[in-house]
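Asks: Mind looking at a prediction? Sequence and model below.
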Amino acid sequence: MKQKSLLIGLCALVGVATYINLRPAPADNASRSTPAVGTAIVAIQMPRLEGNAVIGQRIFENACAACHGSNAVGVEGAGPPLIHVIYESSHHADESFQRAVATGVRSHHWQFGNMPPVEGLTRGDTEMVIQYIREIQRANGIN
């Protein structure tokens, strides 16, 4: 019984720690100013891209960067960064990106509003964009 209580307590502690690490930090108006609308949300290291990821980058910059930012760093006031632990493959598999592009997404992790479907992209186009996003994620320690 003691081990079971310890295990439950440990699981609760891990859950709280995970929540704290994933939730946005509270605003402290005295020490920080609100980021300007249109600025990048995250800083990243860009890898050297090869193959389909290069094509994916071109597609992304034309179809997605207005909201998700150049190199998927997000845009304050427009859309979330895709180079973020929330979008690692174990939480958002490649098919979730396919469905987001095809049918849109209801807002659930961020406060940017719902994402509409992206017109004009095929599954193949989206696959190349996914390869591009995954390469940047890996280069930034997100798997």
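Replies: That came through fine.

Asks: low-scoring pLDDT stretches of this structure, where are they?
Replies: Judged by pLDDT under 70, the chain has its weakly predicted residues at 1-35.

Asks: For the spatially most central residue of the chain, give me the backbone phi and psi.
Replies: What sits nearest the mean C-alpha location of the chain, by Cα atoms, centre = their mean, is L82, with 2.7 Å. Main-chain torsions, L82, degrees, to the nearest 10: phi -90, psi -10.

Asks: mind checking the end-to-end distance for stretch 42-58?
Replies: For stretch 42-58, the first-to-last residue distance is 20 Å (Cα to Cα, to the nearest Å).

Asks: List the buried residues of that stretch.
Replies: Residues of stretch 42-58 classed as buried: I44, L49, N52, A53, I55, G56, Q57 (neighbour count, 16 or more other Cβ atoms under 10 Å). Using the backbone N, CA and C atoms, a C-beta is placed for each residue, glycine as well.

Asks: and those residues as TSV, adding secondary structure?
Replies: Listed next are the buried residues of stretch 42-58 as TSV, based on DSSP: H, G, I helix; E, B strand; the rest coil:
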residue	secondary structure
I44	coil
L49	coil
N52	helix
A53	helix
I55	helix
G56	helix
Q57	helix
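
Asks: possible to save those residues as TSV with distance to T126?
Replies: Below are those laid out as TSV (distance: Cβ to Cβ, whole Å):
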residue	distance to T126
I44	21
L49	17
N52	11
A53	13
I55	12
G56	9
Q57	13
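
Asks: Kindly indicate which of these lies nearest Y132.
Replies: Nearest to Y132 among the buried residues of stretch 42-58: G56, at 3.1 Å, using Cβ to Cβ.

Asks: Now do the same contact list for the residue nearest to the closest one when sequence neighbours are not counted.
Replies: Once flanking residues are discounted, G56 sits nearest to Y132: 3.1 Å by Cβ to Cβ, 6 or more residues apart in numbering. Applying Cβ atoms under 8 Å, 6 or more residues apart in numbering to Y132 gives the contacts L49, N52, A53, V54, G56, Q57, I59, F60, A72.

Asks: The fourth one falls within a strand, correct?
Replies: Which is V54. No: using three-state DSSP, the assignment for V54 is helix, not a strand.
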